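Asks: Let's see this in three dimensions:
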Amino acid sequence: MKPPLVHRLAVIVPYRNRSNELEIFLSHMNSFLNSQSVDHIFIIINQVDKHRFNRAALINIGFIESRSLVDYIVMHDIDLLPLNHKGLPYKYPEYGPIHLASPEYHPIYHYPSYVGGILIITCQDFERVNGMSPLYWGWGREDDNFYVRMKRAGMKIYRPSNLSTNNTNTFQHIHDNSIHKRDYAKYGKQKEEGKRIYPELGFNTTKYEIINKEIKKTNQGIEYIMLDVKIECDYNLTSWCDHPTNILK
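Replies: Now for the predicted structure:
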């Protein structure tokens, strides 16, 4: 008889300038995952270049750098903490991607095709759809693109249902918009191009440089990998990597 397969999860967190939230997140998530006996590692992908934030590219990088260590990942926002231990299992997604931050229970986003916040997917399935589109600089729409990629690949997306909690107490949203404002600006053809899928563009076209890789510990002794990266911008493809200079003056 073969021994049971032991799965391992990479918690991939796109990151920039969120030190206070990081400590809270790691403490909460380590306890949450340990309570579910989930073997896991934390990969914090820290964008240190001068470009606009690119969540999708950071997730792609996290996948590339962790896939030799794990067999599934969770794409996890740093400011969304799960509270329902029984109803939100971070288990191996054997039958298809699991969107834990379901629009039914998310405190803010409720549209049916929403797959952001917390999404669990096998490394095999992530590779199958070529990861996320790296064209999204600034805030928003990369998740909508990923939803289409999964659907086109014939994947069924699973979500929690019939929970004892609702959209006020299933998750805690710790984002402070007065400190960390969202970058909603759209320049040039950014809005128009954001509606296109471009399946050939994904983790395979995400170019980056690792500036530093370090295993760190929180004040509570929780271990995590901090990966400082610079994402390469192709200005011919996405001229909106940066804010126009007149905006910054």
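
Asks: so which helix or strand takes in the most centrally placed residue in the chain?
Replies: Geometric centre of the chain, nearest residue: residue 75, 3.2 Å, by Cα atoms, centre = their mean. Using DSSP states H and E, the element containing residue 75 is strand 72-76.

Asks: sorry, back to before: the residue nearest to the centre of the chain and residue 150: what is the separation?
Replies: Applying Cβ to Cβ, to the nearest Å, the value for residue 75 to residue 150 is 12 Å. Heads up, the C-betas are built off the backbone N, CA and C, glycines and all.

Asks: Overlap of the contact sets of the two?
Replies: Jointly contacting residue 75 and residue 150 under the rule Cβ atoms under 8 Å, 6 or more residues apart in numbering is no residue at all.

Asks: rewinding a little: ok, the residue nearest to the centre of the chain - contacts?
Replies: By Cβ under 8 Å, 6+ apart, the contact list for residue 75 reads 12, 59, 118-119, 121.

Asks: Could you give me the buried positions within stretch 59-67?
Replies: For stretch 59-67, burial by neighbour count (16 or more other Cβ atoms under 10 Å) applies to 59-63, 65-67.

Asks: Show me the contacts of residue 75 that map onto strands.
Replies: Secondary structure from DSSP state E places 12, 118-119, 121 of those in strands.

Asks: Any chance of a markdown table for those residues, columns neighbour count?
Replies: Below are the ones in strands among the contacts of residue 75 laid out as a markdown table (neighbours: other Cβ atoms under 10 Å):
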| residue | neighbour count |
| --- | --- |
| 12 | 26 |
| 118 | 22 |
| 119 | 24 |
| 121 | 26 |
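
Asks: list the contacts for residue 91?
Replies: Contacts for residue 91 (Cβ under 8 Å, 6+ apart) come out as 36, 38, 98, 120.
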